[in-house]
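all I have is the shape, not the residue letters:
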């Protein structure tokens, strides 16, 4: 029998609900994997084994009730948890024990999930300075950021599900670098209360898993609903837009090859893949994303700056002091052009079953930096759902993912497309660590 | 000498900074007023006198440092405070002590403010079912909602400053009903982290005070900045748009009379007042506001519903279950029309020094309900700054206010206009209780 920690969330939940696997045994299997690997991957920043095992036994005693009964979930350390500290990788929050779970954590707990521990993040999920965690495929490399730890521990089979956040490319990029599936849902579809705020126009919860079925399981729990009920789509005849996006010149060989291979695999499976060149308005969106993120971060971090200027990293003082000199007029222009872009993209995307686009510039880089979010930020600003599909292998042997995108509130449809396209790409070989 | 509790915030801070008034004496004066009036007004839901007095003496010992040194501030009980419970007027949060102050509270504390206590709110700031607090001008009447307690205790001179929130009309309507000044700033201008979330597209911090100078003092602390630097405007020759708005048929006699009087007073002072009829798009905004608020509340309250369905009031189960049947398509249409409305209104408002519009349908109603937000919700959806100017008296002798509005990120300009128009309206007589 497969080691329990290697099971997908859907498989593990099915076994626990059928009484074939205890919550405690699954938790112990995850801890065994953590014991074997944490010294290398370093994905966890808070883990209280005794508490997890007490809760696991309690769930075993109660028996299966919720749809996520007994499922271990890793929580990025910018998401509030009532029984573990929430430190944001910041010296200002080292003793911070919020009294209340973030909304998403509470919803997961109510569905029976076992909140396992807190995972590494870049400071306030807002910088590219790396935390301590490492890519499970190569510890010389970053797992990406800012949801570094959650992506790494899911990819390393330490837990089946992880929570991240995305304001620029903080969920999708680490998924690409680590070789796991991820969903950044439509903006607003999942409650963000209790996530550290960075930019209210952009901040979104992100979900990591090792299968699309697992993302679907979470989409059910979070009550995700489309603008129109999704219909089953066959790969043969599916209309897929290949969108290199305005930042294509940044794509490295690994991403260019994965993109070409992805298109070829889709065509071989009978899909109708056409190139999509977005109108000129979209060329301005990366800069407008910067204006929104930094323009809003200025108000967000004012309280940290006033509270403890001396210990706040200069990256955040720079935001509060508006060193990029983003005027309110520029912020408003960014809001308005983004709103026009959302309407335009929904209309464009409605002609396709999915839009295929890069997830990252290339393989995970060596060193401390967490990589470049250029291929993600436009989609975050557009508020559209994005799924990372893993599978491709770069020249250094590292995972490379591609993104599937759809119009706003087509999350369930997009997961349906990911379910049929994912296996094609997974067959390329580079997914999670085995 | 004036009793300290009757001083405006600016006056009190000036005296404390000059050593003419101790923080402790101001706090004691506020407590004396509370002792005399709380049995009638019932604005406070949590007040820890010993803690306040300890902090007051500590501020006296340290001496004046921040711009709000020693200033008592009332905090609506949907805003997190680390040293007082935050109960949201909900049975789910009766034991809730958040470990961290909301961003706005932390910024105020860092500026030297004395966080005095928590004030009454409708449940989760999201219903029109009244809390326990009463209008200080007539205890048979509501102070308005949802920021009921903060508006009431500022109007009753129990403290000089109060914090509220606005998602529909929860700051401006109570200000009109109680006869105080209020500012709902441009959406996003003040950090909302640690405010109970209802609708992320709409939720905004609100500020109550008994003078425009006091709102200016807070605007400095919150680092509010305009899209262009505001210039001094004289009332003679000022261009004012009189905007009855799409919901004018709801205006009662009290509001109609106040609006006419306001226009006449402005004209007498030499202002150029012209009628502003908004384009048809604006007629759809009240319904789009409803779609956004309820569409987003569905995701927001999912976690409360899953956590404790049995004790969650049916008003919120209705939101989670989407009993209004707001489709995601309707939500997206509301987002997109609102975005177009923001651009259109900024352009329209740029032709005027200020837009004058009603703050409420009429005087504060008798009974438990907190009144009608029809005259406020469009402006909240448009993200524009709104100031309530008190002064008018209705047929029942109750205060009636009018709103001044400007385009987004013209908050400081708008406060400048309020400073010159406010005294004209205040001369009508109905402001805060004396």
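Noted; the coordinates are in hand. Here the structure is a predicted model, which is why all the values come from computation and not from measurement.

use CA for all of it now, contacts and neighbours both
Will do.

measure residue A:123 to chain B for me?
Distance from residue A:123 to chain B, counting by Cα to the nearest Cα, to the nearest Å: 17 Å.

ok, and the closest non-adjacent residue to that residue?
Of all residues beyond its chain neighbours, the one nearest residue A:123 is residue A:89 (4.7 Å), with distances taken as Cα to Cα, 6 or more residues apart in numbering or on different chains.

which residues of the stretch 201-350 of chain A lie near chain B?
Applying the criterion Cα under 8 Å from any Cα of the partner chain, the portion of the stretch 201-350 of chain A that neighbours chain B consists of A:222, A:225-228, A:296, A:299-300, A:302-304, A:306-307, A:327-329, A:332, A:336, A:339, A:343.

which of the residues you listed fall within helices?
Under the assignment DSSP state H, those contribute A:296, A:299-300, A:302-304, A:306-307, A:328-329, A:332, A:336, A:339, A:343 to helices.

of those, which pair is most distant in space?
Spanning the widest gap among these are A:307 and A:343, at 39.9 Å by Cα to Cα.

what number of residues lie near residue A:213?
As a burial measure, the neighbour count of residue A:213 was computed by other Cα atoms under 10 Å in any protein chain shown and equals 18.

what about the helices in chain A?
Under the criterion DSSP H, chain A contains helices at A:9-17, A:23-41, A:49-62, A:103-110, A:148-155, A:172-178, A:212-221, A:253-268, A:285-300, A:302-308, A:314-320, A:328-349, A:374-382, A:411-426.

what sits against the residue nearest the centre of chain A?
By Cα atoms, centre = their mean, the mean C-alpha position of chain A lies nearest to residue A:171, the distance being 2.6 Å. Neighbour list for residue A:171: A:145, A:146, A:147, A:151, A:164, A:165, A:182, A:183, A:184, A:206, A:207, A:208 [criterion: Cα atoms under 8 Å, 6 or more residues apart in numbering or on different chains].

pLDDT value on the closest residue to the last one other than its chain neighbours, please?
Pointing back at residue A:208 there. Setting aside the residues directly before and after it, residue A:208 is nearest to residue A:182 in space (Cα to Cα, 6+ apart), at 4.5 Å. Reading off the per-residue confidence, residue A:182 sits at a pLDDT of 98.

partners of residue A:182 in the sheet?
Residues in a beta bridge with residue A:182, per DSSP bridges, are residue A:208, residue A:388.

for the residue nearest to residue A:123, give me its contacts.
With Cα under 8 Å, 6+ apart as the criterion, the residues that contact residue A:89 are A:77, A:120, A:121, A:122, A:123, A:124, A:131.

CSV please, covering those and showing distance to residue B:13.
Converted to CSV, the contacts of residue A:89 look like this (distance: Cα to Cα, whole Å):
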residue, distance to residue B:13
A:77, 39
A:120, 44
A:121, 41
A:122, 40
A:123, 36
A:124, 34
A:131, 44
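
related to what we said a few turns ago, neighbours of the residue nearest to residue A:208, how many?
Counted by other Cα under 10 Å, the residues lying close to residue A:182 total 32.

swap in residue A:62?
The number of residues packed near residue A:62 is 10, by other Cα under 10 Å.

per-residue confidence for it?
According to the predicted model, the pLDDT of residue A:62 comes to 96.

likewise the one 4 residues further on?
On pLDDT, residue A:66 comes in at 96.

right, and it touches residue A:108 too?
No - under the contact definition of Cα atoms under 8 Å, residue A:66 does not touch residue A:108, with a separation of 9.2 Å.

settle it for me: which of these two has more neighbours?
With neighbours defined as other Cα under 10 Å, residue A:66 and residue A:108 compare such that residue A:108 has more, 24 against 16.

report the contact partners of residue A:375.
Contacts here follow Cα under 8 Å, 6+ apart; on that basis residue A:375 touches A:169, A:245, A:247, A:358, A:359, A:360, A:361.

among these, name the buried ones.
Under a neighbour-count criterion of 16 or more other Cα atoms under 10 Å in any protein chain shown, the subset of the contacts of residue A:375 counted as buried comprises A:169, A:245, A:358, A:359, A:360, A:361.

can you put those residues in JSON lines and add distance to residue A:351?
Output for these, formatted as JSON lines (distance: Cα to Cα, whole Å):
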{"residue": "A:169", "distance to residue A:351": "25"}
{"residue": "A:245", "distance to residue A:351": "17"}
{"residue": "A:358", "distance to residue A:351": "20"}
{"residue": "A:359", "distance to residue A:351": "22"}
{"residue": "A:360", "distance to residue A:351": "25"}
{"residue": "A:361", "distance to residue A:351": "27"}
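
okay, among those residues, which ones form the most distant pair?
Taking Cα to Cα, the two most distant members of those are A:169 and A:245; they sit 14.6 Å apart.

buried set for stretch A:413-422?
Under the neighbour-count criterion of 16+ other Cα under 10 Å, stretch A:413-422 has A:413, A:414, A:415, A:416, A:417, A:418, A:419, A:421, A:422 buried.

so what's the residue nearest to the first one when sequence neighbours are not counted up against?
Just to be clear, that refers to residue A:413. In space, and not counting its chain neighbours, residue A:413 is closest to residue A:230: 4.9 Å by Cα to Cα, 6+ apart. Residues near residue A:230 by Cα under 8 Å, 6+ apart: A:410, A:412, A:413.

nearest to residue A:23 among the residues you listed?
residue A:412 (28.6 Å).

give me the number of residues near the closest one?
As a burial measure, the neighbour count of residue A:412 was computed by other Cα under 10 Å and equals 24.

could I get the contacting residues of the closest residue to it other than its chain neighbours?
In space, not counting the residues next to it along the chain, residue A:412 is nearest to residue A:226; the distance is 6.1 Å by Cα to Cα, 6+ apart. Taking Cα under 8 Å, 6+ apart as the criterion, residue A:226 is in contact with A:409, A:410, A:411, A:412, A:413, B:328.

from the residues you listed, which is closest to residue A:15?
residue A:412 (24.8 Å).

just confirm that closest one contacts residue A:222, I think it does.
No - under the criterion of Cα under 8 Å, residue A:412 makes no contact with residue A:222, lying 11.6 Å away.

ok, residue A:249 to chain B distance?
Counting by Cα to the nearest Cα, the separation of residue A:249 from chain B is 31 Å.

just residue A:428 next, same as before
36 Å.

same check, this time on residue A:265
33 Å.

what does residue A:4 give?
Distance of residue A:4 to chain B, computed by Cα to the nearest Cα: 28 Å.

ok, for that residue, nearest residue in space, not its chain neighbours?
The shortest distance from residue A:4 to any residue that is not its chain neighbour, by Cα to Cα, 6+ apart, is 5.4 Å, and that residue is residue A:26.

and for residue A:232, the neighbour number?
By the measure other Cα under 10 Å, the count of residues near residue A:232 is 10.

what's near enough to touch whichever residue of the stretch 151-300 of chain A sits closest to chain B?
When you check the stretch 151-300 of chain A against chain B by Cα to the nearest Cα, the closest residue turns out to be residue A:227, at 4.6 Å. The contact partners of residue A:227, by Cα under 8 Å, 6+ apart, come to A:408, A:409, A:410, B:327, B:328, B:329.

so where's chain A uncertain?
Of all residues in chain A, those with pLDDT under 70 make up the ranges A:1, A:430-434.

the same query, at a cut-off of 80, please.
For chain A, the stretches with pLDDT under 80 are A:1, A:429-434.

do you know how far the residue of chain A most remote from its centre is from residue A:22?
Computed with Cα atoms, centre = their mean, the residue of chain A farthest from its C-alpha average is residue A:61, at 32.6 Å. With the distance defined as Cα to Cα, to the nearest Å, residue A:61 ends up 10 Å from residue A:22.

how about residue A:333?
The separation that residue A:333 has from residue A:22, given Cα to Cα, amounts to 54 Å.

of these two, who's got more company?
Using other Cα under 10 Å as the criterion, residue A:333 and residue A:22 rank with residue A:22 on top: 23 against 16.

look up the closest residue to the more buried one, ignoring the ones flanking it.
With sequence-adjacent residues excluded and distances taken as Cα to Cα, 6+ apart, residue A:22 is closest to residue A:16, at 5.8 Å.
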